[in-house]
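In: no sequence on this one, just coordinates:
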């Protein structure tokens with residue numbers, strides 16, 4: 001009798017317990033340690049209602065705060081822009097052919113003729129100016145690669161005659177017998193202002209070292225203006241017109257930076273041009289003929305000369321980087 005009563009009680013309680021188990025939250029086996037008796041499967045509960053913990057579920061990734069990520073460092077960071085100020089000296093190293101007369105006519109043709117003036121040549125004098133070297137660099141190949149230029153006021157060059165044009169009269173006689181009284185021109189012919197912008201790509205080695213040699217390659221453009229003939233013999237009657245063509249040249253560069261203290265550096269820089277090939281021309285030349293009684297002055301014509309200028313630019317100074 002007692003056995004039958006106990007069996008009836010179990011059958012009455014089991015469905016209620018099973019229904020109550022359907023509303024329990026899932027239990028993760030690895031988070032709760034269970035007694036072996038409690039861990040036994042409930043055979044009375046339907047299979048489809050038994051919660052199953054996923055196997056080998058990957059852990060959720062940590063949340064990443066985008067705003068907290070480090071920013072990329074810009075390549076133009078501190079120390080990439082530099083300025084060097086100092087003194088610039090230009091040695092033009094001009095070489096020319098013979099001066100050539102053209103447009104000769106009238107009375108002048110009795111003393112001179114069109115064509116080269118034998119033994120004549122043209123030269124240019126040195127010039128010195130204040131200057132700045134400005135560049136922007138980027139770390140590369142264990143050093144820095146930079147793009148730089150030279151900033152300087154226009155440089156004034158003296159134009160000189162040499163050889164027979166400086167030492168001898170252009171037209172000493174008429175018909176080889178009658179003197180003209182035209183003297184030799186002397187060395188000074190004129191002057192011009194030149195603006196030769198230079199841009200070079202530079203590699204500086206040994207980043208962080210006290211002494212840093214560098215080399216570069218680039219290009220330069222020669223432009224002249226305010227050109228004047230200043231020779232007193234050539235300007236006594238009328239003012240001739242001086243023309244000089246623009247030209248382009250390749251540039252080679254060598255230099256060294258020496259760290260002094262802090263962010264201060266001393267610099268010695270040498271740039272050599274492959275050569276500006278240009279033509280200088282003097283037009284509207286009139287000259288007095290004091291020894292020739294028939295004419296007070298004569299129109300001589302024009303003179304031109306082909307010139308190759310291979311300047312060497314030396315800059316010495318000091319500067320800093322930002």
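Out: Perfect, thanks for sending it. Every value quoted in this text rests on a predicted model; they were computed, and no experiment measured them.
In: tell me the mean pLDDT for stretch 280-297?
Out: In this model, stretch 280-297 has an average pLDDT of 89.
In: what's the straight distance from one end of it to the other?
Out: Taking Cα to Cα, to the nearest Å as the measure, stretch 280-297 stretches 24 Å from start to finish.
In: tell me how far it is from the chain's mean position?
Out: Distance of stretch 280-297 from the chain centroid (Cα atoms, centre = their mean, to the nearest Å) equals 48 Å.
In: show me the domain layout of the protein.
Out: As recorded under automatic domain parsing, the domains making up the chain are 2-49, 81-321.
In: how far does the longest one stretch from start to finish?
Out: Translated: domain 81-321. The first and final residues of domain 81-321 sit 5 Å from each other (Cα to Cα).
In: same thing with stretch 278-297?
Out: 31 Å.
In: now that stretch: buried residues?
Out: Neighbour counts over stretch 278-297 (16 or more other Cβ atoms under 10 Å) mark 278, 280, 281, 282, 284, 285, 286, 287, 288, 289, 292, 297 as buried. From N, CA and C alone the C-beta is placed, and that goes for glycine too.
In: check the offset of the helix or strand harbouring the fourth one from the chain's centre.
Out: Counting by DSSP states H and E, the secondary-structure element that holds residue 282 is strand 276-288. Counting by Cα atoms, centre = their mean, strand 276-288 is centred 34 Å from the centre of its parent chain.
In: helices or strands up against the longest strand belonging to the chain?
Out: Counting residues, the longest strand in the chain under DSSP state E turns out to be strand 211-229. Contact analysis of strand 211-229 by 3 or more Cβ pairs under 8 Å, 6 or more residues apart in numbering; DSSP states H and E lists strand 188-195, strand 198-204, strand 241-244, strand 247-261, strand 276-288 as its packing neighbours.
In: pull up the distance across stretch 90-109, start to finish.
Out: Per Cα to Cα, the first residue of stretch 90-109 is 40 Å away from its last.
In: quick check: buried residues in that stretch?
Out: For stretch 90-109, the buried set under the neighbour-count rule, 16+ other Cβ under 10 Å, comprises 90, 92, 93, 94, 96, 98, 99, 100, 101, 104, 107, 108.
In: which strand or helix spans the closest residue to residue 267 other than its chain neighbours?
Out: For residue 267, the nearest residue in space outside its immediate sequence neighbours is residue 84; the separation is 4.6 Å by Cβ to Cβ, 6 or more residues apart in numbering. Assignment of secondary structure by DSSP H and E places residue 84 within strand 81-91.
In: just to revisit the earlier point, and for the residue nearest to residue 267, the neighbour number?
Out: Residue 84 has 25 neighbours, counted by other Cβ atoms under 10 Å.
In: now do it against residue 151, distance only.
Out: Using Cβ to Cβ, to the nearest Å, one obtains 10 Å as the distance from residue 84 to residue 151.
In: list residues touching both of the two?
Out: Here residue 84 and residue 151 share the contacting residues 132, 133, 134, scored by Cβ atoms under 8 Å, 6 or more residues apart in numbering.
In: which residues does the nearest residue to residue 173 once chain neighbours are set aside contact?
Out: Nearest residue to residue 173 in three dimensions, chain neighbours excluded: residue 179, at 5.5 Å (Cβ to Cβ, 6+ apart). Residues in contact with residue 179 (Cβ under 8 Å, 6+ apart) are 172, 173, 291, 292.
In: not including adjacent chain positions, what is the nearest residue to the last one?
Out: Closest residue to residue 292 in three dimensions, ignoring its sequence neighbours and counting by Cβ to Cβ, 6+ apart: residue 180, at 4.9 Å.
In: tell me how far that neighbour lies from residue 89.
Out: Between residue 180 and residue 89 the distance, using Cβ to Cβ, works out to 41 Å.
In: so between the two, which is more surrounded?
Out: Under the criterion of other Cβ under 10 Å, the comparison of residue 180 against residue 89 puts residue 180 first, with 24 against 15.
In: the more buried one touches residue 288, doesn't it?
Out: No. Under the criterion of Cβ atoms under 8 Å, residue 180 makes no contact with residue 288, lying 9.1 Å away.
In: returning to that earlier point: can you add distance to residue 268 and give the buried residues of stretch 278-297 back as JSON lines?
Out: Putting the buried residues of stretch 278-297 into JSON lines (distance: Cβ to Cβ, whole Å) gives the following:
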{"residue": "278", "distance to residue 268": "29"}
{"residue": "280", "distance to residue 268": "32"}
{"residue": "281", "distance to residue 268": "38"}
{"residue": "282", "distance to residue 268": "38"}
{"residue": "284", "distance to residue 268": "45"}
{"residue": "285", "distance to residue 268": "44"}
{"residue": "286", "distance to residue 268": "48"}
{"residue": "287", "distance to residue 268": "47"}
{"residue": "288", "distance to residue 268": "50"}
{"residue": "289", "distance to residue 268": "53"}
{"residue": "292", "distance to residue 268": "57"}
{"residue": "297", "distance to residue 268": "52"}
